[in-house]
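Novice: Return atomic coordinates for the entry below.
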Amino acid sequence: MNLILFEEDELNEDLTYDDSRAIHIGDILNLDEGDDFTAGIIGGRIGLGRLIARGSKGWKWIFIPTEDSPPLRPLTLVLGCPRPPVAKRLLKDMSSIGVREIRSCSTDLNEKSYLTSKLWRDGLWRDAVIEGAVQGVSTLLPAIRTSTCLERALEDLPVDAARIALDNDKGLRSFGQWKVDFSEAVLAVGPERGWSDRERGILDSRGFVRLHLGRRVLRTETACSVGASLLLSAMGCFNN
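Specialist: As a prediction, the model looks like this:
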């Protein structure tokens, strides 16, 4: 854990010894009474957690805020919902990168059951984005939204954002041939079987520029990571 995250309402509670965070503090970091660790409050600041004393069931500890979390990146990801294990890895990676919002939707060519899996139905997606934030040393989590179709996922997008859809359809320009100045972007990535012709028409009508990432067919999670990195780099997000 690069950062140990807590909910705000946990500040006044003991950290029980069977909590995975306490196990990490003891078994991996080898910390003891009086030691500090890097901590943060979800949605709040980064700082130091200090172990005060051992209680009967857990650690007495305090949080000392020291700095603001790095801001989220000005990127919205519209995602054709992939298989749950893939979606879980993807949520973690996009949260680690710092994507501001992820909109997962059913599409014409994916399995409709994906969006009703335990990952989405039982809120397990939040564990994945928290894990990504821990990796990226951030207290800020991307907003997560699910939709039953692409049309709904494209509602209320940022007005002035560049709109890019990755597609392997023939005759498209490559990402490297697309030159536009922008400070915010929406990236749409289809499911493992790609966009349908109907969905391509919807993307075109909503002002998306469809581009490819080369002749190789990429997995959804690879296309998301590559596309997001290229866009954020073009926006200068990696300059500081």
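
Novice: where does the residue lying farthest from the centre of the chain fall, helix, sheet strand or coil?
Specialist: When distances are taken from the C-alpha mean of the chain, Ser56 lies farthest, 37.0 Å away, according to C-alpha atoms, centre = their mean. What DSSP: H, G, I helix; E, B strand; the rest coil gives for Ser56 is coil.

Novice: What's the per-residue pLDDT of it here?
Specialist: On pLDDT, Ser56 comes in at 92.

Novice: Kindly report the same for Val180.
Specialist: At Val180, pLDDT is 67.

Novice: for the chain, where's the lowest mean pLDDT among helices and strands?
Specialist: strand 173-174 (a mean of 88; mean pLDDT, DSSP states H and E).

Novice: Pairing partners for the helix or strand immediately after it in the chain, with directions?
Specialist: Sequence-wise, the next helix or strand downstream of strand 173-174 (DSSP states H and E) is strand 185-189. Strand 185-189 has the following strand partners under DSSP bridges: strand 73-80 (parallel), strand 162-166 (parallel).

Novice: Can I get strand 185-189 in CSV? Just the C-alpha atoms.
Specialist: Extracted C-alpha coordinates of strand 185-189, given in CSV (Å, rounded to 0.1, in the frame of the first residue of the first chain):
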residue,chain,number,x,y,z
ALA,A,185,-11.5,15.1,-23.1
VAL,A,186,-14.0,12.3,-23.2
LEU,A,187,-12.6,8.9,-24.3
ALA,A,188,-15.0,6.2,-25.5
VAL,A,189,-13.7,2.6,-25.7
